[in-house]
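> Build the 3D model from these lines:
(one chain, ligands or ions: 1)
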Amino acid sequence: MKVLVVNCGSSSVKYTLFSMTTEKKISWGLVECIGLPEAYYKRQTLGTEEIKSLCKVENHFQAVELIIKDLLNPETGSIKNIDEISVIGHRIVHGGDKFSESVLVNEDVKAGLKECFSIAPLHTPHHYSGIEAVEKMLPGIPSVLVFDTAFHQTMPDYAYMYAVPYEYYERDHVRRYGMHGTSHKYVMQRAAGMLGKKVEELNIITCHLGNGSSITAIKNGKVIDTSMGFTPLAGLVMGTRCGDIDPAVLVHIMSKNPKITSEEMNNLLNKQSGLLGISGLSGDMRTIVKAIQAGNKRAKLAFDMLCYSAKKYICMYYGILNHVDAIVFTAGIGENSPTVREKSCEGLDNLGIKIDVEVNNMPSSEERFISTADSKIKVMVIPTNEELMIARESIKVLANN
Ligand code: ADP
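The predicted structure follows:
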């Protein structure tokens, strides 16, 4: 049984073809810089070298067409007949409050997705194009939508509401949605396995720290709060995003710069802030770490701010969960930066959170515990695998239908 996972981002399409008998990747790749002259296609099949070539793709529809044509190539492709694919799983960034779980695509679902265009305008129209391209190229093969927001739909109203006039919620759907749900869910399930507990009995704090970062409080296997909000801008200090700030700062900036447009403001907060904004160097953590080693003070400040924001969320969620089984770190920074993990948990011994510094510093790409033997709350590193989670969800939805 093969499952194709398609991830249409703002300017790229990534794909992974899984064999679900082994849950192993057969082939994977991406089309990057869609619509630009430098657009390229990078792909790899298990046991072969990566191939990279320039390509001419105007939009996401063409990018998905290119990928599927290549997968079906009689000489080099991984699929001989489209019927080998049981289901296509599409990663969808934002399902608004319309979608609280993964769904099989039909005309009603597509209409519902169209209604979500305005909440995530940089992504959802591209997701839609991806679905239509798949329908054209792989006719009759079912598609499933897996939403980044769905796992967070269990939050209680007092956690997801913003205290602005209620009509903005009713009319404009303004509320906290949360993101990275597929990743938080995947590491929660892995953590349950490693702790030998049922998911329904698990209380954990999951820290997805990458270019975009979010922390989630999970009680009895269900999300009760998460740091990202209406959009992925809220919460922690991130690579280029500001995270939580006093909203009056925006009003202040606008009053000082009356000509600033909403697009420029969006750009300032999403693309010029975070590690990049503070350091003036880069939004990439590896560059920040190198600059700190070279004595750069603003890089150090940016690093400290990121760790401090993570620690604040860990402590807040400890408070609302009361009993916590484990804290899990995942994604690019969470999996690879022992210093960020250490700093985010520094001084929390009294809460029962103790990292074993030696174990934490050991390089590894495996799932592992990094807390001391006597740490009341376990601290873990679990590499995320959003693609596999989407593949699993797609099969589950298919079976239920
Ligand atoms: P995305 O949110 O785009 O999926 P990732 O989860 O891939 O991002 O995380 C990217 C971040 O992880 C970057 O800031 C990168 O510098 C950081 N990162 C990757 N490897 C390391 C490492 N060895 N040490 C510190 N940071 C790392």
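
> where does the closest residue to the ligand within the stretch 201-350 of the chain land in three-state SS?
Relative to the ligand, the nearest point of the stretch 201-350 of the chain is Gly332 (2.0 Å; CB to the nearest ligand atom). Every C-beta, even on glycine, is put in place using the N, C-alpha and C of the backbone. For Gly332, the secondary structure call by DSSP: H, G, I helix; E, B strand; the rest coil comes out as helix.

> ditto for Thr287
Using three-state DSSP as the criterion, the local structure at Thr287 reads helix.

> Identify the spatial nearest neighbour of it, chain neighbours not counted.
If you skip the residues right next to it in sequence, Thr287 has Leu281 as its closest partner in space, 6.1 Å away by CB to CB, 6 or more residues apart in numbering.

> number of nearby residues for the one you found?
Burial of Leu281, expressed as a neighbour count using other CB atoms under 10 Å, amounts to 16.

> So it lies in a helix, does it not?
No: according to three-state DSSP, the state of Leu281 is coil, so it is not within a helix.

> I'd say it and Val289 touch.
No: counting by CB atoms under 8 Å, Leu281 stays clear of Val289, with 11.1 Å between them.

> Mind giving me the packing neighbours of the helix or strand of the chain with the lowest mean pLDDT?
Across the helices and strands of the chain, the lowest-confidence element by mean pLDDT, DSSP states H and E is helix 262-271, at a mean of 92. When contacts are defined as 3 or more CB pairs under 8 Å, 6 or more residues apart in numbering; DSSP states H and E, helix 262-271 packs onto helix 248-256.

> Now with 6 Å, please.
For helix 262-271, the packing partners by 3 or more CB pairs under 6 Å, 6 or more residues apart in numbering; DSSP states H and E come out as none at all, with no helix or strand in contact.

> Which of the three states applies to the nearest residue to Lys198 once chain neighbours are set aside?
Taking CB to CB, 6+ apart as the measure, Lys198 lies nearest to Ala192, with 6.6 Å between them; neighbours along the chain are not counted. Three-state assignment for Ala192 (three-state DSSP): helix.

> Could you check how far Ala192 is from Gly178?
The gap separating Ala192 from Gly178 is 20 Å, by CB to CB, to the nearest Å.

> So if I had to pick from those two, which one is more boxed in?
A count of neighbours by other CB under 10 Å puts Gly178 above the other of Ala192 and Gly178, at 27 against 19.

> which SS class is that one?
Following three-state DSSP, the label given to Gly178 is coil.

> Model confidence for it, exactly?
Reported pLDDT at Gly178 in the predicted model: 97.

> Could you double-check that it lies in contact with Thr226?
Yes: when contacts are counted by CB atoms under 6 Å, Gly178 is listed as touching Thr226 (3.6 Å).

> Which neighbours do the two have in common?
Common neighbours of Gly178 and Thr226 (criterion: CB atoms under 6 Å, 6 or more residues apart in numbering): His152.

> so where's the stretch 301-401 of the chain shaky on pLDDT?
Nowhere does the stretch 301-401 of the chain drop to pLDDT under 70.

> Could you list the low-confidence segments of the protein?
Low-confidence segments of the chain, defined by pLDDT under 70: none present.

> distance between the ends of stretch 251-260?
11 Å (CA to CA, to the nearest Å).
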